[in-house]
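Chemist: here you go, sequence then predicted model.
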Amino acid sequence: MKKLMVLILILFLIGCNPKTTTIDSSLTTDVTPTTLITTEVTTEITTESTTVLTTVINDEIYLMLLAGQDTVEIHEEWIDAGAKFVLNDEEFTMVTLNTVNTSKMDIYLIVYTYEYMDETYQIFRYVAVLDQTPPQLELNPGIDTIVIGDTWVDSGVIVTDNSLEDIIAVVTGMVDTSTAGTYQITYTATDSSGNINQIIRYVTVLE
């Protein structure tokens, strides 16, 4: 009985003196970023016929790619619409040393740059030189009205193309000079880009 009373007394004393934890409020955590990430936000300002691309750098600076014709037919002139460096709403012309060779089908990269406060700012334009124009055909003058039994001579066709290729037209159809009627001769020209055009010659055989 005496041992039991001693045990109860010990437990009572432990309960009255719980272990406490002291927090030092003067301690602070100092977190230093190791990487600075800058995000460039690109927006599109669309009008009825043009699109202006804007790259925002910060609250004071943005780069503006002016709207232009960035798909051009081979051997046609490409006009550079340019780009602007904008600082607090004041515009400065960005420069480029790149050119577009419109005599060769390809996609060309135009890099515009501007130097400000020891920083180089850049914006890009891609220009595609394509051949989307079909060959042009013109009938050579000829005698296309004959009588039965005569010989018909095909005067042929002239083919020109903006690619400056030497294109030979494919001729389909025939003229039966022994039978009266109107006959159709079709000339088809195809360039290396797959553009196709046709022209028709009508030949009449009289009795």
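Modeler: Nice, thanks for sending it over.

Chemist: contacts, neighbours, all on C-alpha from now
Modeler: Noted.

Chemist: and the residue lying closest to Q198 once chain neighbours are set aside, how far is that from V95?
Modeler: Spatially, and ignoring its direct neighbours in sequence, Q198 is nearest to T188 (4.5 Å; CA to CA, 6 or more residues apart in numbering). Distance of T188 to V95, computed by CA to CA, to the nearest Å: 46 Å.

Chemist: next one: I199
Modeler: From I199 to V95 the distance is 47 Å (CA to CA).

Chemist: likewise Y116?
Modeler: 13 Å.

Chemist: the more surrounded of those two?
Modeler: Each of Y116 and V95 has its neighbours counted (other CA atoms under 10 Å); V95 has more, 16 against 10.

Chemist: wait, isn't that one in contact with Y112?
Modeler: Yes - using CA atoms under 8 Å, V95 is in contact with Y112, at 5.2 Å.

Chemist: quick one: buried residues of the helix or strand hosting V72?
Modeler: Using DSSP states H and E, V72 falls within strand 71-73. Buried positions in strand 71-73, judged by neighbour count with 16 or more other CA atoms under 10 Å: 72-73.

Chemist: ok, that strand: who's next to it in the sheet?
Modeler: strand 119-130 (parallel) (DSSP bridges).

Chemist: tell me the first helix or strand C-terminal of the partner strand.
Modeler: strand 136-139.

Chemist: helices or strands up against that next one?
Modeler: Applying 3 or more CA pairs under 8 Å, 6 or more residues apart in numbering; DSSP states H and E, we find strand 136-139 packed against strand 157-160, strand 196-206.

Chemist: relative to F85, how far out is D59?
Modeler: Taken as CA to CA, the span from D59 to F85 is 13 Å.

Chemist: the more surrounded of those two?
Modeler: F85 (25 against 8).

Chemist: residues near V86, how many?
Modeler: By other CA under 10 Å, neighbour count at V86 equals 17.
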